[in-house]
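K.L.:
Build me a model:
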Amino acid sequence: MTTGFGEIAERLRRSTVQVRSGRRGLGSGVLWNNFGIVVTNAHVARGGQATVELWDGREFPARVTTQDPRRDLARLDIGAGGLEAEELSDAERLRPGALLIAIGNPLGFAGALTRGVVHAVGTAPGLGPRKWN
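P.N.:
Next up, the predicted model:
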């Protein structure tokens with residue numbers, strides 16, 4: 001059983017990856033499933049190819065399969081299986097006041113952690129009727 005932020009953070013670090021694309025693209029991503037799908041920011045995954053580094057140092061070439069510059073999201077495929085993706089939660093259960101943990105690799109600093117509180121859920125102004133929670 002997970003009991004605290006330290007344990008949660010360690011578990012989440014295993015599903016957080018570093019993404020490198022070209023000379024300037026460097027950022028974080030998350031293993032979306034155990035079969036090598038990674039979600040990252042579109043501004044990080046410029047072009048059709050990238051390199052993904054896992055928490056244990058293994059590197060995989062990645063193919064950019066989908067990009068949405070408006071929402072700044074990209075989907076990568078690293079073609080690997082047996083990976084440690086975190087279980088996704090039900091976004092409908094998210095409520096203002098919920099505590100959050102964000103883990104990433106800003107500027108190549110692996111496993112950086114911050115925490116916060118959900119302030120609002122629902123539609124995002126200017127992005128249409130889709131709910132972003």
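K.L.:
partners of the helix or strand containing L100, with directions?
P.N.:
According to DSSP states H and E, L100 maps onto strand 99-104. Neighbouring strands of strand 99-104 in its sheet, by DSSP bridges, are strand 112-117 (antiparallel).
K.L.:
C-alpha coordinates for the strand it pairs with, CSV please?
P.N.:
Extracted C-alpha coordinates of strand 112-117, given in CSV (Å, rounded to 0.1, in the frame of the first residue of the first chain):
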residue,chain,number,x,y,z
ALA,A,112,11.9,16.8,-10.4
LEU,A,113,8.8,16.9,-8.2
THR,A,114,6.3,19.5,-7.3
ARG,A,115,2.8,19.5,-5.7
GLY,A,116,-0.3,21.5,-6.0
VAL,A,117,-4.0,21.8,-5.6
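K.L.:
residues in contact with it?
P.N.:
Applying C-beta atoms under 8 Å, 6 or more residues apart in numbering, the external contacts of strand 112-117 come out as F5, A9, G97, A98, L99, L100, I101, A102, I103, G104, N105, P106. C-betas here are computed from N, CA, C, even on glycine.
K.L.:
contacting residues around the helix-or-strand element of the chain with minimal mean pLDDT?
P.N.:
Least confident helix or strand, the chain: helix 5-13 with a mean of 82, by mean pLDDT, DSSP states H and E. With C-beta under 8 Å, 6+ apart as the test, helix 5-13 has contacts from T2, W55, E86, I101, I103, G111, L113, R115.
K.L.:
and these as JSON lines, adding neighbour count, distance to Q18 and pLDDT?
P.N.:
Listed next are the contacts of helix 5-13 as JSON lines, based on neighbours: other C-beta atoms under 10 Å; distance: C-beta to C-beta, whole Å; pLDDT from 0 to 100:
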{"residue": "T2", "neighbour count": "10", "distance to Q18": "24", "pLDDT": "54"}
{"residue": "W55", "neighbour count": "18", "distance to Q18": "9", "pLDDT": "89"}
{"residue": "E86", "neighbour count": "17", "distance to Q18": "16", "pLDDT": "83"}
{"residue": "I101", "neighbour count": "12", "distance to Q18": "18", "pLDDT": "83"}
{"residue": "I103", "neighbour count": "22", "distance to Q18": "12", "pLDDT": "85"}
{"residue": "G111", "neighbour count": "16", "distance to Q18": "10", "pLDDT": "79"}
{"residue": "L113", "neighbour count": "16", "distance to Q18": "15", "pLDDT": "84"}
{"residue": "R115", "neighbour count": "12", "distance to Q18": "21", "pLDDT": "86"}
